[in-house]
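Undergrad: Model the structure of this input:
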Amino acid sequence: MAKIDQEEKGKIKDLFSANLKDDVNLLFFAKENDCEYCEDTEEILSEVTALDERVNFEKHFLDSKKAAEFKVDKAPAIIFLDENDKDLGVHFYGIPSGYEFTSLIEDILDASDKSRIDFSKKIKEAVQAINFDVSLQVFVTPTCPYCPRAVRVAHQMAMLNPKIKAAMIEAVEFEELSASYGVSGVPKTVINDGAAEQVGAVPAKTILKKLQSLAEDAAVAAE
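TA: I've put the predicted structure just below:
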């Protein structure tokens, strides 16, 4: 049974036709056993990538060399690649369904044409100026209408700066990980393994201020 209905496929096909600029290549990671949503996630990717030849994905398993190369340790996982087939920093852990299906489609469009990223010039320049490694883990659920905005802010930051890695994490699928960060509501953005956090969908400038504060703290500590 198709995961995306024909009307929605038509809308996505039109979006891709009108907006895709560069090719978008994805890696999909699955587990051969004990993965409730791997098959469904693969079906979603198959249906989406069938809508335009410029969008493609490769399937790998968690015990593969490719998984080790990209440091993928949980599935289902989707990794966006840059123009050099390197990690773009845009990750999905868990099925991109419900409201998060929108995040997947918007990310494909943004990755194909980064001029779509809707930050102000000042915010873009500040994000690009970040010179330390950043991890943004955005915990979500498919039924959360506010979560896609939090995911998109994090993913757009990653697209602008190779030092930033941003992951959507489906909180229920990865319950132990969620519990380890005290996730009781979504969206919740965990920055650098808990050095800072943000609950709720907030503008990019709010996340940026937290990153700048971390940089300032590190500079003071180094003195």
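Undergrad: all contacts plus neighbour counts: C-alpha atoms, from now on.
TA: Will do.
Undergrad: what separates the helix or strand of the chain with the lowest mean pLDDT from the chain centre, distance-wise?
TA: The least trusted helix or strand in the chain, going by mean pLDDT, DSSP states H and E, turns out to be helix 204-222, with a mean of 88. Helix 204-222 sits 22 Å away from the centroid of its parent chain (C-alpha atoms, centre = their mean, to the nearest Å).
Undergrad: ok, now stretch 114-123?
TA: So, by C-alpha atoms, centre = their mean, the centroid of stretch 114-123 is 17 Å from its chain's centroid.
Undergrad: returning to what we had before: by contact count, what packs against the least confident helix or strand of the chain?
TA: helix 121-128, strand 196-199 (3 or more C-alpha pairs under 8 Å, 6 or more residues apart in numbering; DSSP states H and E).
Undergrad: mind listing what's buried in that helix?
TA: For helix 204-222, the neighbour count (16 or more other C-alpha atoms under 10 Å) marks Ala204, Lys205, Ile207, Leu208, Lys210, Leu211, Leu214 as buried.
Undergrad: Go through the helices and strands packed on helix 204-222 and name the closest to Cys38.
TA: strand 196-199 (27.8 Å; C-alpha to C-alpha).
Undergrad: ok, back up a step: which of the helices and strands packed on helix 204-222 is buried the deepest?
TA: strand 196-199 (a mean of 16; mean count of other C-alpha atoms under 10 Å).
Undergrad: so Gln137 is in which element?
TA: Assigned by DSSP states H and E, Gln137 belongs to strand 134-140.
Undergrad: Quickly run through the sheet partners of that strand, with directions.
TA: strand 164-170 (parallel), strand 188-191 (antiparallel) (DSSP bridges).
Undergrad: what is the mean pLDDT for that strand?
TA: For strand 134-140, mean pLDDT rounds to 98.
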